[in-house]
Structures are given as structure tokens and as C-alpha cells.
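1. Sequence and predicted structure, then a few things I'm wondering about:
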Amino acid sequence: MKPELLRRYYRIGEVAALTVYADSRTALDAVGLVDSPEPVPGEARPEMALFILGRDTAVGFPSAPEGETETIIENGAVEVRKSGVLHYGTWFGKASSIYDPERGAAILLFPGVKRYHPDFAARSVCRPILDRMLLERGYLPFHGASASRYGRGCLITGASGSGKTTLLRGLLNHGWSFLSDDRAVAVVRNGAGELLRYPENIRTVVARGRKATCHPPHDTTFRASLRTILFLERSRGKFRVHAPGQAETAARLAQVFSPYLGAGERSRAADIAEYLAVTADSLVIRGCGEPDTRLKSVWEFLHDGSET
């Protein structure tokens with residue numbers, strides 16, 4: 001008798017949707033996202049599907065055929081190879097995957113997933129697979145946070161520990177709506193850049209590098225026009241800001257793509273990033289200013305004296 005798969009549905013923005021199927025609740029939780037209400041009859045069917053098999057008895061996938069493959073990614077302990085239309089992935093010697101870009105469906109085999117830290121499962125294994133699935137459908141994921149107000153979106157990027165979540169929480173406390181905390185998703189529609197809500201919780205440092213999870217404020221904001229891009233830099237120098245040009249903005253965006261994209265995928269991502277750099281205002285924030293100082297600078301830049 002075949003075990004019944006559990007299922008959860010996740011909405012990304014207003015249209016994009018992901019359904020995750022898993023053979024256990026632990027495997028289902030491995031995706032690390034916040035589930036959404038099931039679609040009502042008549043809504044568009046989900047664009048992407050991910051199957052996670054995480055029991056100890058899960059059987060491994062056959063490897064990609066030798067001599068007939070193209071290496072897409074070879075990044076340390078991660079490898080993705082293409083054979084025909086299928087992408088075969090191995091992840092840190094712990095998991096393997098098969099992805100069909102045409103169908104928007106992937107199978108992840110992760111034996112003994114319950115033995116691994118949830119952050120490792122979600123961020124190091126599931127997230128790279130989801131990033132590649134999103135990009136294949138024209139959505140560009142960034143390492144960054146995002147928020148919106150009055151339909152205008154702000155993308156906040158920077159290295160880990162640069163203060164993205166702190167700045168995000170400051171904006172939320174001043175009336176902005178949550179879109180994402182660590183994985184911002186952008187898309188170009190009708191000649192304009194948009195930010196989409198990504199179904200994740202907020203992760204914030206509480207002490208000595210430890211992070212706590214909290215639920216974002218509940219509202220119905222699912223997308224916003226991308227108007228502003230903020231680049232945060234950690235530095236011991238004097239606090240300062242400057243507005244980069246379009247070429248610098250595009251180059252900085254390329255630095256926060258997923259590291260698990262192949263050359264062709266990075267080229268498509270770069271094309272989207274170049275367009276976003278043209279249509280949005282950008283600001284680089286350097287130095288070790290206090291959070292309130294950063295927030296004040298950002299607030300002035302975002303509103304430019306037109307709002308209070």
C-alpha cells in the first residue's frame with residue numbers, strides 16, 4: 001500500500017503558486033515556508049510542484065546518463081547536470097533531485113531529513129531548487145528583504161548580517177507592508193518591475209548569532225511596483241550613502257543572485273536585473289550607523305519630502 005502524500009499550497013505574489021507534496025510532516029516542513037489557503041475553484045492551477053521524499057527508507061534516484069550530460073552547476077558539494085530536458089542535482093551528499101523545467105515539477109529525495117537542522121534543509125537544499133524553478137518561469141529571486149507602501153515596493157539587499165531584517169522591521173513599524181525577509185522575488189510585467197510577496201517568516205538575530213522566528217504582520221499585500229533598491233554594506237568606516245548609476249546597480253544585483261544558477265540561468269537573471277536597474281531608484285548605505293540613523297536616511301530617500 002502506497003503511503004498518502006501530505007500537501008501544502010504556497011502563494012507567491014498574486015499569481016505564482018507552489019504545491020509541495022511530502023511523505024511525512026517533517027519532510028513537508030523542510031521547505032521552510034508559510035502555507036497559504038488552498039486556491040478556490042476557478043483559480044489558476046499552481047505553476048510549480050515540489051515532491052519531497054524524506055523517510056529513511058527512501059530509495060535514491062538513478063544518476064544522469066554518463067556521456068550525455070551538460071554540467072550546469074559545479075559548486076563545491078553541489079552539482080546539477082542536464083540530460084535531455086531533465087536536471088539531475090546532488091546536494092551536499094545528503095539529497096538528490098530531478099527537475100523538469102517544462103512541467104515546473106521537481107522531486108527531492110532527502111533520506112532521514114528529520115536528522116538535519118531545519119535551516120539546512122530549507123535554505124541549503126530546498127531553496128536553491130525553488131530559486132531555479134522560479135527563474136525558469138520568469139521570476140527573479142534575490143537574497144534580500146522587501147516591503148511596500150501605497151503600492152510602491154522597496155528591495156533591501158546586502159550580505160548576511162548587514163542589517164536587512166533590522167531595516168525591514170523599522171519600515172514595518174512605520175506603516176509599510178511585508179513582502180519578504182530573506183528571499184525577495186521580482187518580475188517584469190507590462191514593461192515595469194514588480195516585487196512579489198514570498199511566503200516566509202521573519203528571522204531576526206536575538207543573541208550571539210542565534211536567530212528567532214516571528215510571523216510577519218498579516219495583510220493582503222501580494223505585490224508592489226519596484227520603485228527603490230537599497231544596498232546595505234557592513235563597514236567600520238564612517239556612515240555614508242550614495243546613489244549608484246544604472247550599471248553599478250545591475251552589477252550589485254548580480255551579486256545577490258542565488259549561487260546555484262548555471263551560466264544560462266545567470267544570463268537570464270542578468271537581463272532582468274539590468275531592466276530593474278533602469279526602472280528603479282537605488283541607494284548604497286555604508287558604515288556602522290545606528291539602526292535609527294539608517295532608517296532616517298532611508299525614510300528621507302523613499303519619501304523625498306513628499307510624505308510624512
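-> Arrived safely, thanks for sending.
2. Looking only at residue counts, what's the top helix in this structure?
-> Using DSSP state H to define each element, the chain has its longest helix at helix 263-279.
3. what's the neighbour count on the nearest residue to residue 232 once chain neighbours are set aside?
-> Among residues not flanking residue 232 along the chain, residue 158 sits closest, at 3.4 Å (CB to CB, 6 or more residues apart in numbering). C-beta here means a position set from N, CA and C on the backbone, and glycine is covered the same way. Using other CB atoms under 10 Å, the number of residues around residue 158 comes to 22.
4. Residue 158 touches residue 252, doesn't it?
-> No - Residue 158 lies out of contact with residue 252 (CB atoms under 8 Å); the separation is 9.5 Å.
5. shared neighbours, the two?
-> Residues touching both residue 158 and residue 252 (CB atoms under 8 Å, 6 or more residues apart in numbering): residue 231.
6. Give me the neighbour count for residue 157.
-> Applying other CB under 10 Å, we find 21 residues neighbouring residue 157.
7. dump the residue contacts of it.
-> Here residue 157 is in contact with 142-144, 164, 184, 229-232, 252-253, 256 (CB under 8 Å, 6+ apart).
8. how far is the longest helix of the chain from where the chain is centred?
-> 16 Å (CA atoms, centre = their mean, to the nearest Å).
9. after that helix, next one along is what?
-> Using DSSP states H and E, the helix or strand that follows helix 263-279 in sequence is strand 281-286.
10. ok so, going back, in helices only, show me the contacts of residue 157.
-> Counted as lying in helices by DSSP H, out of the contacts of residue 157, are 164, 252-253.
11. Retrieve the pLDDT associated with residue 189.
-> On pLDDT, residue 189 comes in at 88.
12. What's the local residue count around it?
-> Counted with other CB under 10 Å, residues neighbouring residue 189 total 12.
13. Now do the same contact list for the most centrally placed residue in the chain.
-> In the chain, the residue lying closest to the centroid (CA atoms, centre = their mean) is residue 183, at 2.9 Å. With contact taken as CB under 8 Å, 6+ apart, residue 183 is in contact with 127, 131, 141-144, 198, 200.
14. if you set the cut-off to 6 Å instead, what comes out?
-> Residue 183 is in contact with 141, 198, counting by CB atoms under 6 Å, 6 or more residues apart in numbering.
15. Could you check the pLDDT of residue 24?
-> At residue 24, the model reports a pLDDT of 92.
16. gap between it and residue 100?
-> 23 Å (CB to CB, to the nearest Å).
17. now swap in residue 123 and tell me
-> Between residue 123 and residue 100 the computed distance is 23 Å (CB to CB).
18. what does residue 273 give?
-> Here residue 273 is placed at a distance of 26 Å from residue 100 (CB to CB).
19. Which of the two has more residues huddled nearby?
-> Neighbours per residue, other CB under 10 Å: of residue 273 and residue 100, the larger number sits with residue 273, 23 against 16.
20. Could you give the number of residues near the residue lying closest to the more buried one once chain neighbours are set aside?
-> Closest residue to residue 273 apart from its sequence neighbours, by CB to CB, 6+ apart: residue 253 at 4.1 Å. Using other CB under 10 Å, residue 253 is surrounded by 26 other residues.
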